[in-house]
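Enquirer: Predicted model, plus sequence, below.
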Amino acid sequence: MLTVDTVQVCYGKSPAVQDVSLRVAPGETVLLLGRNGAGKSTLLKSIMGVEPPCSGRIIFQDRPITGSSPCKIARQGICYIPEDRQVFSNLLVLENLEMGMLAHKNRLDRRESLERVFSYFPRLKERLGQQAGSLSGGEQQMLAIARGLVSKPQLMLVDEPTEGLMPILVDEVAGILRRLREEGVAILLVEQNYPMAMSLGEDLSVYFMEKGRILKHGNIKEFLAGFDDPDHWMKM
Ligand SMILES: Nc1ncnc2c1ncn2[C@@H]1O[C@H](COP(=O)(O)OP(=O)(O)OP(=O)(O)O)[C@@H](O)[C@H]1O
């Protein structure tokens, strides 16, 4: 479904992502691990067209999307949920969700999308008329995911969705990601909380990035079993 082929992304002259290749199959959840500054967010941004690659190719459903605009890429079925929960604080919750549905052609489409999202996030339904900026941090994170989901994506790029959340909300996010997976939505997930990632499935494919490159690729269970203390290793 998604092929990233020897992609390089630069900020000015410094490469933040170098020679990165990876694949996500339809309905698959793929995990991107790596320490701070490894280039994970930059890679997601390059797939979404926010930071276009300076070389390499990105192919989504057999079509090249390298260098396409974020709008065009979104219309093809990819959504991006950035790590800093960029909700529109001055807009209402409903208005935020409507921003995710701009490509929907008719009212029925919109209503169906909203109903689906409310089945994932019942609490948001109770807060539709509330300003997004007045939601709690956890609720804003849910809104950010919900706004991606209303666009009916086939692939979600999700950047550290559990960062700063308390354990009960981490479990909730994990539950949402598991359900998305069951429903056949492909996910490329950046997540430092590897026990949470393990809870998504022991067969998860994982790519480990360091200094802009993919250093290792494998199955998460085997991958983490190779380390006596993954916590220490992640922080090194
Ligand atoms: N807008 C930018 N301009 C210049 N350099 C940037 C920019 N954004 C990121 N970088 C640099 O690119 C490198 C990769 O950053 P990136 O945010 O992709 O890493 P990351 O693996 O997602 O890290 P984290 O886990 O801390 O979010 C870092 O050295 C960072 O300082």
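Expert: Noted; the coordinates are in hand.
Enquirer: what does the protein have sitting close to the ligand?
Expert: Neighbours of the ligand within the chain, by C-beta under 6 Å from any ligand atom: 11, 16, 34, 36-42. C-betas here are computed from N, CA, C, even on glycine.
Enquirer: Now, of those, which are buried?
Expert: 16, 34, 38-42 (16 or more other C-beta atoms under 10 Å).
Enquirer: ok, which pair from those is furthest apart?
Expert: Spatial extent of these (C-beta to C-beta) is set by the pair 16 and 34 at 11.7 Å.
Enquirer: Quick one: residues contacting the residue positioned nearest the centre of the chain.
Expert: Central residue of the chain (C-alpha atoms, centre = their mean): residue 158, 1.2 Å from the mean position. By C-beta atoms under 8 Å, 6 or more residues apart in numbering, the contact list for residue 158 reads 81, 145, 148, 177, 187-191.
Enquirer: ranges for the helices of the chain?
Expert: In the chain, the segments counted as helices under DSSP state H are 40-48, 70-75, 93-99, 107-120, 122-125, 137-149, 167-182, 194-198, 220-225, 230-235.
Enquirer: a markdown table for these, including mean pLDDT?
Expert: As requested, the helices of the chain are arranged in a markdown table below (pLDDT from 0 to 100):
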| stretch | mean pLDDT |
| --- | --- |
| helix 40-48 | 97 |
| helix 70-75 | 92 |
| helix 93-99 | 92 |
| helix 107-120 | 85 |
| helix 122-125 | 90 |
| helix 137-149 | 92 |
| helix 167-182 | 92 |
| helix 194-198 | 85 |
| helix 220-225 | 80 |
| helix 230-235 | 60 |
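Enquirer: closest to residue 4 out of those?
Expert: Nearest to residue 4, of all these, is helix 40-48, at 6.7 Å by C-beta to C-beta.
Enquirer: And the closest one, what does it pack against?
Expert: strand 2-11, strand 14-24, strand 29-34, helix 70-75, strand 78-81, strand 155-159, strand 186-190 (3 or more C-beta pairs under 8 Å, 6 or more residues apart in numbering; DSSP states H and E).
Enquirer: can you do 6 Å?
Expert: Using 3 or more C-beta pairs under 6 Å, 6 or more residues apart in numbering; DSSP states H and E, the elements in contact with helix 40-48 are strand 14-24, strand 155-159.
Enquirer: report the angle between the axes of it and strand 2-11?
Expert: 120 degrees (axes from the mean of the first three to the mean of the last three C-alpha atoms, to 10 degrees).
Enquirer: can you state the direction angle for helix 40-48 and strand 29-34?
Expert: Going by the same axes, to 10 degrees, helix 40-48 makes 140 degrees with strand 29-34.
Enquirer: Kindly state the pLDDT recorded for the nearest residue to residue 20 once chain neighbours are set aside?
Expert: Distances taken as C-beta to C-beta, 6 or more residues apart in numbering place residue 7 nearest to residue 20, at 4.9 Å, with adjacent residues excluded. What the model reports for residue 7 is a pLDDT of 98.
Enquirer: Break this protein into its domains for me.
Expert: 1-77+155-236, 86-152 (automatic domain parsing).
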